[in-house]
Each structure stands twice: as C-alpha cells, then as structure tokens.
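K.L.:
Below is the structure, and that's it, no one-letter string:
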C-alpha cells in the first residue's frame with residue numbers, strides 16, 4: 001500500500017516528503033539507492049542520528065516517484 005501512495009505523496013509534497021521506517025533485510029538493497037552526504041534537511045537529520053549512534057540509512061526508494069527514505073537498521 002505504501003508503494004502505491006508514493007507517487008501521489010511526491011507529487012503533492014515533493015522535496016518536503018521523506019518516508020521513515022525499518023531497514024528490512026539485505027533484499028531491500030536492490031530497492032534503494034543510498035544518498036551519501038546529502039545536505040537537505042532529511043540528510044542532515046540522518047547524519048545527526050548516526051553521530052548519536054543510531055544505525056540509519058538515507059536513500060531514494062526506487063519506485064515510481066522515487067521518494068526519499070530514512071531507514072533504521074536492525
């Protein structure tokens with residue numbers, strides 16, 4: 001269901017939209033493209049979480065609309 005809503009959310013919110021959720025297994029690596037050194041608000045938030053010891057990935061989800069995602073690893 002989330003995948004089907006992503007294009008509409010990106011159309012309505014654009015760069016002000018980021019999905020947050022768990023990093024579920026290694027198979028997810030085929031569905032995301034990690035964004036290194038992002039300087040947007042979500043990339044900075046992910047960087048700050050990593051500095052505090054949280055294991056997070058900031059990426060673009062490779063589905064229609066390519067929403068950005070911040071995933072916790074565990």
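P.N.:
That came through, no problem. Since the structure is predicted, the reported quantities are computational estimates derived from the model, not experimental observations.

K.L.:
what does the model give residue 1 for pLDDT?
P.N.:
Reported pLDDT at residue 1 in the predicted model: 60.

K.L.:
got it, and residue 7?
P.N.:
At residue 7, pLDDT is 90.

K.L.:
before we move on, what about residue 74?
P.N.:
pLDDT, residue 74: 66.

K.L.:
Likewise for residue 50?
P.N.:
pLDDT, read off for residue 50, is 93.

K.L.:
which residue sits closest to it, ignoring its sequence neighbours?
P.N.:
Closest residue in space to residue 50, ignoring its immediate chain neighbours: residue 56 at 6.0 Å, by C-beta to C-beta, 6 or more residues apart in numbering. Quick note: C-beta positions are derived from backbone N, CA and C, even for glycine.

K.L.:
Now do the contacts for that neighbour.
P.N.:
For residue 56, the contact set (C-beta atoms under 8 Å, 6 or more residues apart in numbering) comprises 46, 49, 50, 70, 71, 72, 73.

K.L.:
now residue 23
P.N.:
Residue 23 neighbours (C-beta under 8 Å, 6+ apart): 57, 71, 72, 73, 74.

K.L.:
Would you map the strands across the protein?
P.N.:
18-23, 32-34, 56-61, 68-73 (DSSP state E).

K.L.:
ok, and what's touching the shortest one?
P.N.:
It refers to strand 32-34. 57, 58, 59, 60, 61, 62, 69, 71.

K.L.:
what's around the first one, how many residues?
P.N.:
Which is residue 57. Burial measure for residue 57: 17 neighbouring residues, criterion other C-beta atoms under 10 Å.

K.L.:
Would you agree it is in contact with residue 73?
P.N.:
Yes. Contact criterion C-beta atoms under 8 Å: residue 57 and residue 73 qualify, at 6.4 Å.
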